[in-house]
Structures are given as structure tokens and as C-alpha cells.
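*Asks:* give me a 3D structure for the following:
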Amino acid sequence: NEHAIKNTQWITGNSFTVERGRQQIEECISTWDIPTRWLHWSEFLREEELKYSKRYHYRVCWSIPTRRKPIPRATASVYFVIEISKIKPAALPVEVFFTLESGRLIHRPEQCQFREKWLKDIIENKIILMERL
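*Replies:* Numbers count the residues shown, from 1 in each chain. So this is what the prediction gives:
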């Protein structure tokens with residue numbers, strides 16, 4: 001099945017570091033079927049303390065630079081959260097989910113096939129808005 005989702009082996013809570021989390025997000029993205037013309041960079045945003053867990057927020061920013069427009073008019077962000085339970089054993093893998101910049105839906109990487117169309121839609125909508133202003 002060519003649509004089988006390639007799963008990233010997520011690290012355990014006790015071996016998590018902010019940088020290791022970012023590297024794992026990069027690993028996860030590398031399994032997505034996104035044409036090479038798309039470039040991206042990732043960054044850690046913040047740590048969030050909750051009652052039963054800690055959440056680490058990251059952003060991955062996507063764009064398609066071209067020779068004519070090396071600085072793209074718009075970018076599309078995907079926001080990742082790595083969640084570490086304070087209750088479950090630290091030897092269990094971290095939980096990972098992501099949302100799209102304009103979206104409300106929460107996706108789990110292991111349950112969802114990322115689509116290039118999602119990035120295109122974000123960028124097209126932004127360009128339409130810019131042209132209206």
C-alpha cells in the first residue's frame with residue numbers, strides 16, 4: 001500500500017530535549033510526500049505547563065522560493081505539539097500532534113497522510129487576502 005503512513009519512532013518522555021524534539025519533527029516531515037520545490041525551516045516556540053502534562057510547541061514554516069521570487073509572497077505554517085505526560089511512565093513515547101496555520105483540526109502524524117494541497121491552500125488564501133487589501 002503506497003499510502004501506508006511511515007511512522008516516526010517517537011522518543012520517550014525521559015529522553016526528550018527541545019532540540020531532539022525538533023529533530024524528530026524534521027524526521028516526521030521527511031516521510032511526507034511533499035515536492036522538493038517546497039522549502040521549510042523549523043523552530044521551537046515555547047513550553048507550556050499543564051496539570052497532567054508538559055507541551056512543547058514548534059512551528060514549521062513552508063514556502064516555495066523561485067528564481068523570480070526568491071522571497072515568497074506568503075508562507076504556510078504547520079504547528080506541532082509534543083506532549084509529555086506527567087502521569088504515564090516516562091519510558092513511553094511522547095504524544096505528537098499538529099495543526100495547520102488556519103485550521104482548527106488537530107492531526108496525529110501516525111493517523112494522517114499530510115497533503116501538499118493543505119500548504120497550497122494556506123498560501124493561496126493569504127495571497128487573495130493581500131490582493132484585496
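*Asks:* tell me the secondary structure at residue 117.
*Replies:* Taken by DSSP: H, G, I helix; E, B strand; the rest coil, the conformation at residue 117 corresponds to helix.
*Asks:* residue ranges with poor pLDDT in this protein?
*Replies:* Residues of the chain that meet the criterion pLDDT under 70 lie in 1-5.
*Asks:* which residues in it form strands?
*Replies:* In the chain, the segments counted as strands under DSSP state E are 39-49, 53-63, 76-85, 95-100.
*Asks:* distance to residue 11 added to the ones you listed, as CSV?
*Replies:* All C-beta spots, glycine's among them, are computed from the backbone N, C-alpha and C. Supplementary listing: those in CSV, determined by distance: least, C-beta to C-beta, whole Å:
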stretch, distance to residue 11
strand 39-49, 15
strand 53-63, 12
strand 76-85, 9
strand 95-100, 10
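*Asks:* of the ones you listed, which approaches residue 69 most closely?
*Replies:* Nearest of those to residue 69, taken as C-beta to C-beta: strand 53-63 at 9.6 Å.
*Asks:* now that closest one - C-alpha only, CSV.
*Replies:* Only the C-alpha atoms of strand 53-63 are listed here, as CSV (Å, rounded to 0.1, in the frame of the first residue of the first chain):
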residue,chain,number,x,y,z
SER,A,53,1.5,17.2,31.1
LYS,A,54,4.0,19.5,29.5
ARG,A,55,3.6,20.6,26.0
TYR,A,56,6.4,21.8,23.7
HIS,A,57,5.2,24.0,20.8
TYR,A,58,7.1,24.1,17.5
ARG,A,59,6.5,25.8,14.1
VAL,A,60,7.4,24.6,10.7
CYS,A,61,7.3,27.3,8.1
TRP,A,62,6.9,26.3,4.4
SER,A,63,7.3,28.3,1.2
